[in-house]
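1. sequence below, structure please.
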Amino acid sequence: MLGPGLRTVVAAGTALAVLTACGEPDSPILNKDAIPMDLSTLPTLKQTQNQMLGLIDQVRLRITAEAPQAGAWHWAHDWSGSGCEDDAGGSGIALYFPDLTAQYGLSTEEWDRVLPAVTALAADAGLTDIAMPQNSDTNHDARFTSGDGRELLVGSSVATVITARISCRREGGEPIDVDGVIPMPPDPA
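-> Numbers count the residues shown, from 1 in each chain. Modelled structure (predicted):
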């Protein structure tokens, strides 16, 4: 059961539903030919949230190994979400992660070293479709998606940002909120 705070986030985030694979996405970063989803066959929202947080941390560690001058990483912005439905008429929640940010923009050389490793990490997690809407000397952006509606976004310009989206998952008795609020992950040490 969603607490009152998360219900508010879900209601407020309805406009974000266009980015979900549960509906008809109007986005070049999501696969419009995505396979139909049955939420009962997918991991729960909490399980998928934990998986994507783990992937974000692996990407952070890889970027830090290639560019130690990136310095400290901090979570910015809040969680947001919206309601969604699967193809079987089941209801779920789409979840948009906060941004994990380092106040350092990767050089093209650093990006070129990081990108293959991040691509491999994403592929290991099942995110095998790649789009690169921006890739210039000062602006890099890679988006990794999966057929089950997960998305990892990694970008770097004046700062480096890692974030994720989950298009639609059922709560499955494992709420992600505490008293109606989704707790922020701790900043990496």
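2. now G155, what are its backbone angles?
-> As for G155, its main-chain torsions (degrees, to the nearest 10) stand at phi -140, psi 160.
3. next helix or strand past the longest helix anywhere in the chain?
-> In the chain, assigned by DSSP state H, the helix with the most residues is helix 45-66. Once the chain leaves helix 45-66, the next helix or strand it forms, by DSSP states H and E, is strand 73-76.
4. then that following strand to PDB, C-alphas only?
-> Below are the C-alpha coordinates for strand 73-76, written out as PDB (Å, rounded to 0.1, in the frame of the first residue of the first chain):
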ATOM      1  CA  TRP A  73      29.600  12.100  -5.600                       C
ATOM      2  CA  HIS A  74      26.300  13.400  -4.200                       C
ATOM      3  CA  TRP A  75      22.600  12.500  -4.700                       C
ATOM      4  CA  ALA A  76      20.600  15.400  -6.100                       C
END
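5. so what's the gap between the helix or strand following that strand and the chain middle?
-> Counting by DSSP H and E, the next helix or strand C-terminal to strand 73-76 is strand 80-85. Its chain's C-alpha centre and that of strand 80-85 lie 14 Å apart, by C-alpha atoms, centre = their mean, to the nearest Å.
6. again with stretch 81-90
-> Distance of stretch 81-90 from its chain centroid, counting by C-alpha atoms, centre = their mean, is 18 Å.
7. again with stretch 154-161
-> Counting by C-alpha atoms, centre = their mean, stretch 154-161 comes out at 15 Å from the chain centroid.
8. repeat that for stretch 131-142.
-> That offset, for stretch 131-142, works out to 17 Å (C-alpha atoms, centre = their mean).
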